[in-house]
Structures are given as C-alpha cells and as structure tokens.
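Student: Based on what follows, work out the 3D shape:
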Amino acid sequence: MAEAAIHQTDKVVSSEEEPLILVDQSDREIGHLSKGECHDGDGVLHRAFSLFIFNSRGELLLQRRSAEKRLWPMFWSNSCCSHPRRGESMDIATRRRLDQELGMAADFHHLFTFQYKARYLDLGSEHEICWVYVGLCDDPPRPNSTEISEVRWITPDELDREFQEQPETFTPWFAQEWPRVRDVFRRTLHLT
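Tutor: Next up is the predicted model:
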C-alpha cells in the first residue's frame, strides 16, 4: 500500500448552493435544486457519479473525505464522487471533478447505474441515482484539501480485508459499489 499523498491545493470547488439535477426513478431530469436542499432531511432524489481510478498495477485510488464535509466526514471512499451540475453532461462533470479533487485526468468507462439512499446522523441524507465509472491513471494524485483529507492506493485484496475488518470506516455508497465493481467486472478490469 502506498503512503498517503500530501495536499497540493486548497481551492474551494463546491458549495451548498450549486444547482444539482433532480431526477425521477427512471433517471429522467425533472428539475433542479441546490446541493444543500438535495441533502437535507431524507434527501431529494438527484443524479450523482462515482469514479474508480485504478493504476497499471491494479491498485485502486481511495480518498478519505475532508473533515469539513457535511455528510460522512473522514470516511474512506472511492477515488472521486460528486454530482453533475445543472446543464452539465456526465462526461464534463466527471472530468471536471476528477481534476478539481485530485488534479488528475482519465478516460472513463461506464459500468452501471444504481439508486441508493443513506442517512448520516441528523445532518442529512444522500438520495441518488449514481452512475459508476472506472478509469486508468498512473499520474500521482494531487488532492484538494477542501475535499479530501488523504489518499492512498490499495490492492483489491487489501480493500476486501479492510471492508471485512472495518466496514464502518467506509461511505455507504462505496460499500454498495465495491462488491459489484470487484466481482461482476473482475474480468473486464483484470482484477485478481
């Protein structure tokens, strides 16, 4: 497992006011609402994405969310996760956010889309239709400290062990996504 990288930037790249895309159960756009309002209470269904960045050694880049995050601060999660903004395509949103959070660029392959809902204490909820993507990049990450407290590369086997030993340290969406990425797409991704 590689050592955690040092923060390279502290530029604020998101806010509670940014307009997210509201969707129905079939992921059809039905309106817009601020990020803050989307996450209040039980949450309002909106579109999101999760990126899994692997390196050529087959390791996955994990991020630990910033202590300043409203929901799931200091939890470990997949490489990058966020939302497309009003009027933004998924292609543009994923590239924008990967650059903003990690200073990286990659081409992505869409794996699957799923819906989930998870509440974090009394601070709000995620209620999302989430598009899950995988990409390959060997560039060193340059994490944005306003979004990420630390990053590390991990092998799939090591990650499986950590999920078994400390499941409470991971975000709920990552916990749902990883088994499918790991098992269903094992051959496509050439995971061991």
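Student: Might one say that Ser149 is in contact with Trp72?
Tutor: No - contact criterion Cβ atoms under 8 Å: Ser149 and Trp72 do not qualify, at 11.8 Å. From N, CA and C alone the C-beta is placed, and that goes for glycine too.
Student: Find residues that contact each of those two.
Tutor: Residues touching both Ser149 and Trp72 (Cβ atoms under 8 Å, 6 or more residues apart in numbering) are Arg65.
Student: Now do the same contact list for the residue nearest the centre of the chain.
Tutor: In the chain, the C-alpha nearest the mean C-alpha coordinate belongs to Cys81, at 2.2 Å (Cα atoms, centre = their mean). Contact analysis of Cys81 by Cβ under 8 Å, 6+ apart lists Ala48, Phe49, Ser50, Leu51, Cys130, Thr171, Trp173, Phe174.
Student: Show me the contact partners of the longest helix along the chain.
Tutor: Using DSSP state H to define each element, the chain has its longest helix at helix 90-102. For helix 90-102, the external contacting residues (Cβ under 8 Å, 6+ apart) are 11, 13, 47, 49, 51, 53, 61, 63, 79-80, 82-85, 88, 104-106, 108, 131, 133, 135, 141-144, 147-148, 151.
Student: Residue ranges in this structure under the pLDDT threshold?
Tutor: 1-9, 12-13, 15, 184-192 (pLDDT under 70).
Student: so when I look at Gly43, I'm seeing a helix, right?
Tutor: No - counting by DSSP: H, G, I helix; E, B strand; the rest coil, Gly43 is not found in a helix; it is coil.
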